[in-house]
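Visitor: 3D model of this:
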Amino acid sequence: MELGGFPSLNSLYQLLNKKFPYFAGVIAKQYEVFGNTWLHEFEKDMSIFFDNDRDRMEKAILGYGKFALDSMRLQVLFQKTKEYVNKTYAEAASEVYQNKDYMFDLYLPGILLSHYLWRHHYQQHVFFMDKFLPLIKNADGKTFYDVGVGTGFYSKEMLTRTKLNGQGFDLSPHSLEHTIQMLRAHKVESRYRPNIRDIITDPVTPPADFLINIEVLEHLENPQLFINNLFKMLKPGGYGLISAAINAPNADHIYLYRNSAEIALQLTTAGFKIVDETVDSAYEPKKDGDLVPVNACFIVTK
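Guide: Numbers count the residues shown, from 1 in each chain. You can find the predicted model right below:
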């Protein structure tokens, strides 16, 4: 694939083709589906975050490849068992969130690149841009919370595309460190405060105008309790963006959602009103009965 005029993506493609040639074709496939908008957004983010540092980009490619291979292996097992590997939150936290090498060498690079390289992850971003962002810009709000920040991707999106001030909450110091690296690269860290905090045992006040919670629920033993506390963190009339993974095994996925209706029920049980939603598959099933990873993303209010 020719990527003249897109130096960061060209470097990424070359590295991917060298290290994991099986995955290299995904760039062309994503371009076929999402076109120039995807191409320009991806190039912009990669050029800012990696700043032409080929060594850092190579490390990210290695992490993404391992992350994607691990996901494929777990999906094959899941297809047979129809269940996630039995694991407690404490076990997942020790293995993943509190393990700096795992987080920076595999997990965080994998998730960062998956925002553009995985179809359903980019569709979620399109939903954010087309549906959630206009609501924010038309509302009279000043603050947002990002609960479970991951790589910092959506905190970055909120800060670079609005004039809001934000706070991020996570139990992993490594996620928060990566988030600050992301925000510094985009020169928006001055409007953001990171917090290592459990929102269940240490509730957050006052509520914010907007709320982001991206793919956290499946990592929890009791997502309903967590959602109940998210509800308290949003001002009446405010908007939240909440998503979860369905039929998507991973090293730290504990709670198995089998369809989007299960997530919607938990949201409305907590008191949220659903404004809009999107349900997106990672790929088309090869045959009847195949279980395909799915993202369900909801815009909510109260």
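Visitor: when you work out contacts or count neighbours from here on, use the C-alpha atoms and nothing else.
Guide: Will do.
Visitor: quick check, central residue of this structure?
Guide: Most central in the chain under CA atoms, centre = their mean is Ile214, positioned 5.2 Å from the mean C-alpha point.
Visitor: which residue is the nearest non-sequential neighbour of it?
Guide: Excluding the flanking residues, the one nearest Ile214 by CA to CA, 6 or more residues apart in numbering is Ser243, at 4.9 Å.
Visitor: got it, and Pro109?
Guide: Leaving aside its sequence neighbours, Pro109 sits nearest to Ala60 (CA to CA, 6+ apart; 4.8 Å).
Visitor: ok, His121 next?
Guide: Per CA to CA, 6+ apart, closest to His121 is His115, 5.0 Å.
Visitor: got it, and Asn213?
Guide: Per CA to CA, 6+ apart, closest to Asn213 is Ile242, 4.7 Å.
Visitor: do the same with Ile48
Guide: Leaving aside its sequence neighbours, Ile48 sits nearest to Ala185 (CA to CA, 6+ apart; 6.2 Å).
Visitor: ok so, going back, you'd agree the residue nearest to the centre of the chain is up against Asn295?
Guide: No: between Ile214 and Asn295 there is no contact under CA atoms under 8 Å: 9.9 Å.
Visitor: could you name every residue contacting both of the two?
Guide: Counting by CA atoms under 8 Å, 6 or more residues apart in numbering, the common neighbours of Ile214 and Asn295 are Ser243, Ala244.
Visitor: name the residues that touch stretch 223-233?
Guide: 145, 199-200, 203-208, 211, 217, 255, 266-267, 270-272, 302.
Visitor: so which of these are in strands?
Guide: Using DSSP state E to define strands, the subset of the contacts of stretch 223-233 located there is Tyr145, Ala208, Leu211.
Visitor: please enumerate the helices of the stretch 201-302 of the chain.
Guide: Listed in chain order, the helices of the stretch 201-302 of the chain (DSSP state H, counting those that start in this stretch) span residues 223-232, 260-270.
Visitor: nearest to Met72, out of the ones you listed?
Guide: Between Met72 and those, the shortest separation by CA to CA is 21.8 Å, and it involves helix 260-270.
Visitor: what mean pLDDT does the closest one get?
Guide: Computed over helix 260-270, the mean pLDDT rounds to 98.
Visitor: count of neighbours near the residue nearest to His121?
Guide: Using other CA atoms under 10 Å, His115 has 17 neighbouring residues.
Visitor: that one sits in which helix or strand?
Guide: Secondary structure from DSSP states H and E places His115 in helix 108-117.
Visitor: and that helix, what does it pack onto?
Guide: helix 26-50, helix 54-81, helix 119-127 (3 or more CA pairs under 8 Å, 6 or more residues apart in numbering; DSSP states H and E).
Visitor: if we can go back for a sec, my guess is the residue nearest to Pro109 contacts Ile111. True?
Guide: No: assessed by CA under 8 Å, Ala60 is found out of contact with Ile111, at 9.8 Å.
Visitor: quick one: which of the two has more around it?
Guide: Ala60 (26 against 21).
Visitor: can you pull the pLDDT of that one?
Guide: Listed pLDDT for Ala60 reads 93.
Visitor: with respect to burial, which of the helices and strands packed on helix 108-117 scores highest?
Guide: helix 119-127 (a mean of 19; mean count of other CA atoms under 10 Å).
Visitor: give me the residues contacting that one.
Guide: Gln30, Ser114, His115, Tyr116, Thr278, Asp280, Ser281, Ala282, Tyr283, Val294, Asn295, Cys297.
Visitor: show me how far it is from its chain's centre.
Guide: With CA atoms, centre = their mean, to the nearest Å as the basis, helix 119-127 stands 10 Å off its chain's centre.
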